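Chemist: Quick one: sequence and predicted model below, then my questions.
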Number of protein chains: 2
Amino acid sequence: MPKDFEVYEINDFVLQQGATLRPAKLAFRTYGSLNSDKSNAIVYPTWYSGRHWENEWLIRPDQALNPDKYFIIVPNMFGNGVSSSPSNTPAPYDGPHFPQVTVYDQVRAQHQLVTAHFGISKLVAVLGWSMGAGQSFQWAVSYPEMVPKILPFCGSARTSEHNKVFLDAVKAAIEADGAFLNGEYREQPSKGLRAAARVYAGWGFSQAFYWQQLYKKMGYASLEDFLVGYWEGFFLDGRDANNLLAMLWTWRNGNVGNTPGFNGDHEAALASIRAKAIVMPAERDLYFPVDDEVYEVSKMPNAEFRVIPGVWGHFAGAGINAVDTAFINAALAELLDA
Amino acid sequence: MPKDFEVYEINDFVLQQGATLRPAKLAFRTYGSLNSDKSNAIVYPTWYSGRHWENEWLIRPDQALNPDKYFIIVPNMFGNGVSSSPSNTPAPYDGPHFPQVTVYDQVRAQHQLVTAHFGISKLVAVLGWSMGAGQSFQWAVSYPEMVPKILPFCGSARTSEHNKVFLDAVKAAIEADGAFLNGEYREQPSKGLRAAARVYAGWGFSQAFYWQQLYKKMGYASLEDFLVGYWEGFFLDGRDANNLLAMLWTWRNGNVGNTPGFNGDHEAALASIRAKAIVMPAERDLYFPVDDEVYEVSKMPNAEFRVIPGVWGHFAGAGINAVDTAFINAALAELLDA
C-alpha cells in the first residue's frame, strides 16, 4: 500500500448502530492546495473496495478536477483497508467483529475531517462513483448548507432491492468458502474471493460489453483471461474478505432516509437536498439502472438527470474507458463552472 | 422423485466429445396418445436443472399444448438427475467423472427415442424454455426434415459470452464450498448450492421485478423470504451439485454451429433451419437478452421475432406468471394452427 496518505483520528466515534470506534482512523489524501479563504475544496469519496489512489484517474491539471485550482480531498471509506477496517482494527473490533458502519457515519466522519481538521465551512462540490455517489447524496442530505453541488455517477441515494440481491450473491460466494471460517481466517479465503469476482464480472459490465468483447481493448486476450486477469486479480489485490463484507453491509443498508430527522423517508430526504445536482447513471448499468435514477431525480428539487451513454455498464465510471471518462469530465466541468 | 416416467436405453452412446455412455438412459414422459399415422407428436425438452414434471404447467387440455390432441414427449436432459447424470451413473462415469454432453448429443439421443422407439418420422413441433429453447434450435438444425415448427422461448442457439460469465459465477459459487471436494462429496455442498441460488436470483428476474416486489405475488413475505424460500429451496430440491455442473457445461458450450457439417459456423447453422419459428425472448431477460435474439432471428430464413412483454425477466418462461404463460400459450396456438 502506498504511504502517500494522512490519517485523521476521531476519538470515540459513535456509530449510528451503537458501536464505538476508539479511535476511528480516517485515512485521506489531498490533491492541490487549500486557498487562503478555504473556498476551493472538493470532496471525492471512494467506492466499494476502492482506495484513494484508485480515484486519481479523474484528478488531472488538464481536467475539470484540476489540483492546480481545487483542493481535492479523497477520504477512504471505513472498511476499505486504509481507513479503519476489519483488517486493521485491533480486538475487540477486529475482523468479523468490526462494527456496522452506515453511509451516514462515513459522511459524518468526513465532515469532521473537513470542518474540524481543515477548518472548511463550505465545499465547492462533492462527487463520486458508485458508493461514492451514495456518499455524495448523503453529504447533500446531511449538510445541505455546506454542499452547493453534487455529481453522483453510477450510484443511488438508496440501495434498491435488486441491488441487494446482487450484493447477497457476492456475500454468499465469499462465505461459501470453507476457508472463510466465519471471518476468523488466517489466510484469505481465495476461492470465495475468486467466486465473488466472477459474480461481480457479470454485473460490472453490460451484456453488450461482453458481446463486443471490449475486454480486448483493455488488453485481455480472451474471456477467461479477463475473468482471471482483471476480475480475480481485482479481488485478490489486497482486498480482505472481511473488509469486503463490511463495506457490503454499508452499501446494502444505504438510504439517505436513515439520516436522523427523516425516519427512513427516502423521498423526504431527497426532497431536502439543496445542492444543484447532475445525476449520471450509465446507460447499461445493471445494478444502478437508469430507471432508478429517473425516480430519484424526480424527487430532487434541483437535479438534472444525464445518462452516460454506451455499453460499459457500471464500470463506465471506473476510469478505464476514455470516452466515458471524457463524458464524466465534461459534466463535472459544466457543474463546477455553473 | 415421481415414478411417472419411462426410460429409453441407448447402448454405447458415443458423445461428441468422445466418451461413451454404456448405456445412455434417456428418461421421458409422454402426455396424450400417439395417433395411428404418428403425425401428432411434439417434443418439449427440459431446461437447466428442470425435470419433466416441471414442464407440465404448459400441457393442459384447455391450452395449445393439448394432450387430447397432441402426443407430447418430454425428454429429460442428460445431467438433470432423471436421465443419465453424475448422480445416477455408476463408476467410472459417476459424479465429477461424468462426461461432457453437448446440446447436439442431447438432441441426437432424443431423436433416437422419437424415431427408433416411437417410429415417428416427422414431428409437429419442438418447443422449450431456456436450455429447452437451445434444444429446439438444435432439433431444427440437426433434423430439418423432421421439424416443421419450433418455438424457442427465453433461450438462444449459441451461448453468448455474457451468458457464460453468469454461468461461471454459478459454477464458482458451487466450487468455492470446501465441502464440494472437487465433486467427490458424500453430502451436497449446501453452502455452495445456496450461494449459487443467490447468484441465480439476481439474473433470473429483472431489476424491475424486484423493485415492484412481485415476489409477494408469488407468496413470499420479504426479499429474504424469497431468496431462501424460493431460490435456495429451488437449488436444494434434489439438485445435485455435479448434475448442475454437468448441465452447466452443456449450456456454456451450446452452439448450433458445432453440429457436424457446420464447422462451428453459428450463422450458417441458423441459416440452414427450415422450420417456421417464433423466437420469443422475454423483454427484461438478463442472460438471454432481446438483442441477442434480434440477431439470431436475422440469420434465420423463416423466423418471427416476438418479445414476451413485462418485467419477469427470464422466469417469464417458467410458468409462474399467468400473464406470461397466456402470452406463450397464444403464440404456441398460433404456430400450431399455422
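Modeler: Here it is on my side, so go on.
Chemist: only C-alpha atoms for contact and neighbour calcs from this point on.
Modeler: Will do.
Chemist: can you give me the strands for the stretch 101-250 of chain A?
Modeler: A:125-129, A:149-153 (DSSP state E, counting those that start in this stretch).
Chemist: Output these in a markdown table; the columns should cover mean pLDDT and mean neighbour count.
Modeler: Listed next are these as a markdown table, based on pLDDT from 0 to 100; neighbours: other Cα atoms under 10 Å in any protein chain shown:
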| stretch | mean pLDDT | mean neighbour count |
| --- | --- | --- |
| strand A:125-129 | 98 | 27 |
| strand A:149-153 | 98 | 28 |
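Chemist: and the ones you listed as CSV, adding distance to chain B?
Modeler: Formatted as CSV, the strands of the stretch 101-250 of chain A follow (distance: least, Cα to the nearest Cα, whole Å):
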stretch, distance to chain B
strand A:125-129, 20
strand A:149-153, 19
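Chemist: could those strands go into JSON lines alongside distance to B:A116?
Modeler: Below are the strands of the stretch 101-250 of chain A laid out as JSON lines (distance: least, Cα to Cα, whole Å):
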{"stretch": "strand A:125-129", "distance to B:A116": "61"}
{"stretch": "strand A:149-153", "distance to B:A116": "61"}
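Chemist: So A:F305 is in contact with A:A282, correct?
Modeler: No. Using Cα atoms under 8 Å, A:F305 makes no contact with A:A282, being 10.9 Å away.
Chemist: More neighbours: which of the two?
Modeler: A:A282 (27 against 16; other Cα atoms under 10 Å in any protein chain shown).
Chemist: residues in chain A within reach of chain B, list them.
Modeler: Residues of chain A found near chain B (Cα under 8 Å from any Cα of the partner chain) are A:160-163, A:165-166, A:168-170, A:172-173, A:176-179, A:191-192, A:194-196, A:198-199, A:201-202, A:206-208, A:210-211, A:223, A:287.
Chemist: In ChimeraX, how would I select just the buried ones from these?
Modeler: In ChimeraX, a selection of the buried entries from the residues of chain A next to chain B looks like this (16 or more other Cα atoms under 10 Å in any protein chain shown):
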select /A:160,161,162,163,165,166,168,169,170,172,173,176,177,178,179,191,192,194,195,196,198,199,201,202,206,207,208,210,223,287
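Chemist: State the phi and psi torsions of the spatially most central residue of chain A.
Modeler: Centroid-nearest residue in chain A: A:W47, 2.2 Å away (criterion: Cα atoms, centre = their mean). Per-residue torsions, A:W47: phi -120, psi -180 (degrees, to the nearest 10).
Chemist: can you check A:M280 too?
Modeler: A:M280 adopts backbone torsions of phi -120, psi 90, taken as degrees, to the nearest 10.
Chemist: which one is it nearest to, not counting chain neighbours?
Modeler: Nearest residue to A:M280, sequence neighbours excluded (Cα to Cα, 6 or more residues apart in numbering or on different chains): A:F153, at 4.5 Å.
Chemist: in the sheet, who's paired with the one you found?
Modeler: According to DSSP bridges, the partner residues bridging A:F153 are A:W129, A:M280.
Chemist: wait, isn't it in contact with A:D285?
Modeler: No. The criterion here is Cα under 8 Å, and A:F153 misses it with A:D285 at 10.7 Å.
Chemist: where along the stretch 151-300 of chain A do the helices fall?
Modeler: Using DSSP state H, counting those that start in this stretch, the helices found in the stretch 151-300 of chain A span residues A:161-176, A:190-204, A:207-211, A:223-225, A:233-236, A:241-252, A:266-271, A:290-298.
Chemist: Quick one: low-confidence residue ranges for chain A.
Modeler: A:1-2 (pLDDT under 70).
Chemist: can you tell me which strand in it is longest?
Modeler: strand A:24-31 (DSSP state E).
Chemist: Paired strands for that strand, with orientation please.
Modeler: strand A:6-10 (antiparallel), strand A:71-75 (antiparallel).
Chemist: Quick one: those as JSON lines, columns for mean neighbour count too.
Modeler: Conversion of the strands paired with strand A:24-31 to JSON lines gives the following (neighbours: other Cα atoms under 10 Å in any protein chain shown):
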{"stretch": "strand A:6-10", "mean neighbour count": "17"}
{"stretch": "strand A:71-75", "mean neighbour count": "25"}
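Chemist: Surely A:G264 touches A:N253?
Modeler: No. If you go by Cα under 8 Å, A:G264 and A:N253 don't touch, sitting 11.2 Å apart.
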